[in-house]
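Asks: quick one, fold the following:
(2 chains)
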Amino acid sequence: MSAKQLATFYAADRFLGIEVTRVQEVIRYQEITRAPLARGEIRGLINLRGIIVVALDLRRRLGLEDDAEAAPPMNVVVRTDEGLVSFLVDRIGDVLEVDEEQFEEPPETLRGQARELIRGAYKLDGALLLELDTDRALEAAA
Amino acid sequence: MTEERGADPVPASAELDEMVGEFLLESHEGLDRMDHDLLALERDPGSPEAIARIFRVMHTIKGTCGFLGFSKTEAVAHAAESLLGGLRDQEFGVTPQIVSALLSAGDAIRHLLETIGSTGAEGRADNRRVIETLGRLGGRARRPRLQSRRQARSQPAGRAAARKNGSPRTAASARAQAAARDTPAATELLETADDDTESHVATLSLTESAIRVDVGLLDGLMTLVGELVLARNQIMQRTTIQQDPVLSSTAQRLDVITTELQEGIMKTRMQSIGTLWVKYPRVVRDLAIECGKQVRIKTEGEDTELDRSLLEAIRDPLTHLVRNCVDHGIERPPARKKAGKAQEGVVAIRAYHEGGQVVVEVTDDGAGIDPGDVRTKAVESGLISAEAAAQMGDREALNLIFLPGLSTARQITRLSGRGVGMDVVKTNVERVGGNVDVLSRPGEGTTFKIKIPLTLAIIPALLVTAAGERYAIPQVSLLELVRIAPEEVDHAIETIQEAPVYRLRGQLLPLVSLPAELGEADALQRGKRAAREALGVFDSPSSSEETELDAAGPSHPGPATDEPADGAVNIVVLQADDRRFGLMVDGISDSAEIVVKPLGRDLKSIGVFAGATIMGDGRVGLILDVMGLAQRAHVVDQIREHGLIEHAEAVESSGEDTAALLLFSDSTGGRMALALDLVDRLEEFPRDAVERSGPETVIQYRNEILPLVNVTDLLPEYRRKARKKRDDGRPLPDLADDQSTIQVVVHGGEGRRVGVVVERIIDIVESPMDMQPASRPGVFGTLVIHDRVTEVLDLPELLATRERAGAPSEEAGVA
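Replies: Numbers count the residues shown, from 1 in each chain, chains lettered A, B, ... in the order given. Reported below is the predicted structural model:
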């Protein structure tokens, strides 16, 4: 069984991961140009070396509260069919190798906005790593 | 099967591949030209040049095919050539059947070429019928004449196979021809070279200025330049840290060169949209014949350029729309006659740039679409509720034809004559970030308007700020800038039922606040509240109105704010279709050339952003879609509909008896007017900005030096007076001293502009041109406008006179 690699990061206290193959790069905070009238999750646009990338606030996407105190968000830039999109996250974790045996589907009690975005959890030692459904999470952006 | 093998090209060396590739490319081009010529021939049957050109195309294809061993293609080309030979020698005249046969010969060859292109061989296509038709047409028409002698004379000996092929009836003849190929091919090739010396010369001169480049190569270069830009950016970042003067100046150079290289490569990818249209006359003709209609195609703006990839993306949607217009839009001749229209319908395709986008319009003068019918059908098919349909405006209802359910429904096709595959058109266009719109008037016609972003285009734009962000406004929509001083804000901005307006030279200009339209009111609350309290102009507390005065806040008593504005209101006067409106912004920062980048679907669908760009400081800036903004602010409503159709009518109906005039006064208070088309722009400059450059009075304007001339200086009898007054050496002395600004009428195009200083700009009027003859040189005549006698100036003549008189040097002596 081939092990899967997840790029991990935190949004608020959630420990999240997406398939590392989808990630183009991780960069520190970039200045964001607000996009008025756009949906709430879309924080704006960033300039990624000449390419204009939509910045999607993962906290808001998951229905979590904004944190005014939080440090400037990091960018996890992912590839999509329609170009690049950046997930704004609070903190970057490591790239972790996970085992399918550790995987479990989300419990029925998980509700709300997050339900459809989370594929399931990997039971790691001392933490649950939630795997994000990248495409679903992107749906608002693109 | 024998034939099949014979058709395989000989050893597949790279050189030969290249040759075949070139042959395919040339032949395709030739065939496109041929289609064009054939259609021209149909209209004007006697054109020997057209026949000669078509003949040459076929001849070249035949010759090269013989050489390369594509015998099937050769056979078709040969049959067509023989028929054309008859036409050329005027043995018989051009008939629609002949044109059709030749067109289908072209199609057959195209098909063969495509197969060759993809597989390297000619495949199994059977062209016997085409060849037979060509032979029959040539043969039958020829019969009354001395056929055998003619042929003997026109064809070199030893080309038995070829001759046989002129009227091939059996597969045997084709085989025989294939067998005998070697000999005739050689002869023919010689002949080709001989025959085509003329066209060869033409090709040569073209080669000197243009070369054919593989698209893959260009795409590769594009990617490389992208990489280079990335590397450049990294170096630029490092440079700022290192603070090494040599490194930083080298980096600067690298920066400039990279930018230029990038722009250059982008330009190479631009293609004129006309390349898509080459095929339309043919498409329209064939379809019209099929439907029993008479349709003519009209094109305008072939030169409009856009990126190749976009061009490809709209190829199919556009073709579909054109077909649709012929198929469903235009009525049959009897119906048209009954409706009092010309029997021949017109499909017009027009392309142009608008607001940083390319617009392509496909218009027919057919029956149009009845929005009522569309509504009914949409409700019947269960796509929308009856209530929704009832509430829908006509425009909205028309756009229902783009819904997937409606477009495939047959009823709608029968009923209103529209809708097959319209959803596909819409999807395709939207995929590249564009949009489609339909405008129609029952009985008069339908216009489809495709708007596509110029993805890689570079456009001039004005940068403004609103609520702390910068936005770019494409210069094409920009008319002028108005700045209202803080102390004048109160009375300069008036309201009609809470809608703010400004009197711009006597005409009411509706005002729209950019921050408010962008829903950015929150960020500005403080400033606005202050403004409202201080002014009490707007009673409504709703956020969209109160923002109108946001910038006015600080100058008035009230809570202190940190707004950077000095209290003046900046109005950007914009043109959206035929409507003008003033966009109030927090600040106007600069004008710049920006690179337009596309937006994702989500941001695009908001409708007020045309794209994004990267500003000088590396931040992203959004480009405003002026049209969309105007719609959002309800400045433009239904007018887009008549915009199109009426525009055409207006152009046709407006005779030469009225003209648009700019009305102004000179420093003596005399009224004068200038034809509006002589006016490039109207500007107001601060008086302090006027400079002296040698003998001339000048001002810096859009990165050029704009020479200024007072309107009174232009008129001979004023000149002497003016010169005397100039003794004090101050520029433009005969303006009233208390004026802090000067009004300038900018005349002429890029680089050759002249600013004519006038005392006051009064109005723009549409006036009948029943002029009294001129009373002095440089004046067209006099008119009565607004009950005042007004002189209409002949500005070009006046400027020429001034130049001849050497005005500047003369003035220099005095100044």
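Asks: quick one: the strands in chain A?
Replies: A:4-11, A:14-19, A:23-27, A:42-48, A:51-57, A:74-80, A:83-89, A:91-98, A:103-104, A:118-124, A:127-132 (DSSP state E).
Asks: save those as a markdown table, and put in mean neighbour count, mean pLDDT and distance to residue B:756 too.
Replies: Where C-beta positions appear, they are placed from N, C-alpha and C, glycine not excepted. Listed next are the strands of chain A as a markdown table, based on neighbours: other CB atoms under 10 Å in any protein chain shown; pLDDT from 0 to 100; distance: least, CB to CB, whole Å:
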| stretch | mean neighbour count | mean pLDDT | distance to residue B:756 |
| --- | --- | --- | --- |
| strand A:4-11 | 20 | 91 | 62 |
| strand A:14-19 | 20 | 92 | 64 |
| strand A:23-27 | 16 | 91 | 54 |
| strand A:42-48 | 23 | 90 | 43 |
| strand A:51-57 | 23 | 89 | 43 |
| strand A:74-80 | 20 | 92 | 54 |
| strand A:83-89 | 23 | 90 | 49 |
| strand A:91-98 | 15 | 91 | 62 |
| strand A:103-104 | 13 | 88 | 78 |
| strand A:118-124 | 18 | 89 | 69 |
| strand A:127-132 | 20 | 90 | 65 |
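Asks: okay, these in TSV with distance to chain B next?
Replies: Listed next are the strands of chain A as TSV, based on distance: least, CB to the nearest CB, whole Å:
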stretch	distance to chain B
strand A:4-11	20
strand A:14-19	19
strand A:23-27	12
strand A:42-48	4
strand A:51-57	5
strand A:74-80	9
strand A:83-89	7
strand A:91-98	21
strand A:103-104	31
strand A:118-124	22
strand A:127-132	19
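Asks: skipping its backbone neighbours, what lies nearest residue B:671 in space?
Replies: Leaving aside its chain neighbours, residue B:671 sits nearest to residue B:790 (4.3 Å; criterion: CB to CB, 6 or more residues apart in numbering or on different chains).
Asks: please apply the same query to residue B:628.
Replies: Sequence neighbours aside, residue B:607 is the residue nearest to residue B:628 in space, at 4.2 Å (criterion: CB to CB, 6+ apart).
Asks: and what about the one you found, helix, strand or coil?
Replies: Secondary structure, DSSP: H, G, I helix; E, B strand; the rest coil: residue B:607 is coil.
Asks: that one: how many residues sit nearby?
Replies: Residues contacting residue B:607 under the criterion other CB atoms under 10 Å in any protein chain shown number 15.
Asks: right, and it touches residue B:627 too?
Replies: No. If you go by CB atoms under 8 Å, residue B:607 and residue B:627 don't touch, sitting 9.1 Å apart.
Asks: coming back round to it: which stretch among the strands of chain A comes nearest residue B:31?
Replies: Within the strands of chain A, the stretch nearest residue B:31 is strand A:83-89; the backing value is 37.6 Å (CB to CB).
Asks: let's see that closest one as PDB, backbone CA atoms only.
Replies: In PDB, the C-alpha atoms belonging to strand A:83-89 read as follows (Å, rounded to 0.1, in the frame of the first residue of the first chain):
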ATOM      1  CA  GLY A  83      -5.600  28.400 -12.300                       C
ATOM      2  CA  LEU A  84      -4.100  28.900  -8.900                       C
ATOM      3  CA  VAL A  85      -6.000  29.600  -5.700                       C
ATOM      4  CA  SER A  86      -4.500  30.300  -2.400                       C
ATOM      5  CA  PHE A  87      -5.900  29.000   0.900                       C
ATOM      6  CA  LEU A  88      -5.300  31.500   3.700                       C
ATOM      7  CA  VAL A  89      -4.400  29.500   6.800                       C
END
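Asks: ok so, going back, how would you label the residue nearest to residue B:671: helix, strand or coil?
Replies: Assignment for residue B:790 (three-state DSSP): strand.
Asks: quick check: it vs residue B:511, distance?
Replies: 30 Å (CB to CB, to the nearest Å).
Asks: go on, residue B:242?
Replies: Residue B:242 sits at a distance of 49 Å from residue B:511 (criterion: CB to CB).
Asks: between those two, which is the more surrounded one?
Replies: residue B:511 (22 against 12).
Asks: check residue B:308 and give its pLDDT.
Replies: pLDDT recorded at residue B:308 is 78.
Asks: looking at the stretch 601-750 of chain B, what residue ends up closest to chain A?
Replies: Closest contact between the stretch 601-750 of chain B and chain A, by CB to the nearest CB, is at residue B:620 (4.1 Å).
Asks: that residue and residue A:50 touch, don't they?
Replies: No. Taking contacts as CB under 8 Å, residue B:620 lies outside contact range of residue A:50: 10.4 Å.
Asks: comparing those two, which shows the higher neighbour count?
Replies: A count of neighbours by other CB under 10 Å puts residue B:620 above the other of residue B:620 and residue A:50, at 25 against 15.
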